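**Student:** Quick one, fold the following:
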Amino acid sequence: MVTSNVGQTRTVTFTEELLERARSRTPAERGLPARPSGKVAIVACMDARLDPYNIFGLAAGEAHLLRNAGGAVTDDTIRSLCLSQRLLGTEEVILVHHTDCGLLGLDEEGFRREVEDAAGERPPWSLEAFASVDDDVRRSIERVRESPFLASRGRVRGFVYDVATGELREVD
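**Tutor:** Numbering: from 1, shown residues only. You can find the predicted model right below:
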């Protein structure tokens, strides 16, 4: 709870707390070039348990980080990787999926029906649900390697992060 200057009390949301934290920091990113110094782009799941900066010991300015549900390599991911490579000089792609993912074993068709019932129209996109995290990493690697839009398709590696142990395991 916060009391405003007019005497009203209101609840502070977590977003407001985050904005206050942002205002109180001195940005370490000032003066950094737009091109990541490590010349790498990381595609990772949006899961809050994954912190790619911590997992890889990254500092600001070293890598591009693209996140979405499941770390899926979708058309939009390819769009971002294309810009990352062709305009900003990245040469490698790292894919990070993880154990205990919400998309693992998800009934995609059932979920799409629920969304359609609630929204009144069917979602035009795939959820990218999967049955095996290792197979999903392999599928993502192939999508990167097969995209004609990417300048660097050969230097792609995929990993599974174990959310229970913190172990990072490479998928062949």
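**Student:** Pass me the low-pLDDT residue ranges in the protein, would you?
**Tutor:** Along the chain, the parts satisfying pLDDT under 70 run over 1-10, 25-30.
**Student:** Kindly indicate whether the residue minimising distance to the centre of it is helix, strand or coil.
**Tutor:** Against the mean C-alpha coordinate of the chain, by Cα atoms, centre = their mean, the closest residue is Arg67 at 1.2 Å. Under DSSP: H, G, I helix; E, B strand; the rest coil, the three-state class of Arg67 is strand.
**Student:** Show me which residues of the longest helix seen in the chain are buried.
**Tutor:** With DSSP state H setting the assignment, residue counts place helix 133-146 as the longest helix in the chain. By 16 or more other Cβ atoms under 10 Å, the buried positions in helix 133-146 come out as 133, 136-137, 139-141, 143-144. (C-beta placed from N, C-alpha, C; glycine too.)
**Student:** ok, back up a step: make sure the residue nearest to the centre of the chain is actually in contact with Ala44.
**Tutor:** Yes - at 5.3 Å, Arg67 counts as touching Ala44 under the criterion of Cβ atoms under 8 Å.
**Student:** for this protein, what spans make up the strands?
**Tutor:** Secondary structure of the chain, counting by DSSP state E: strands at 2-3, 9-10, 40-45, 63-68, 92-98, 156-161, 168-171.
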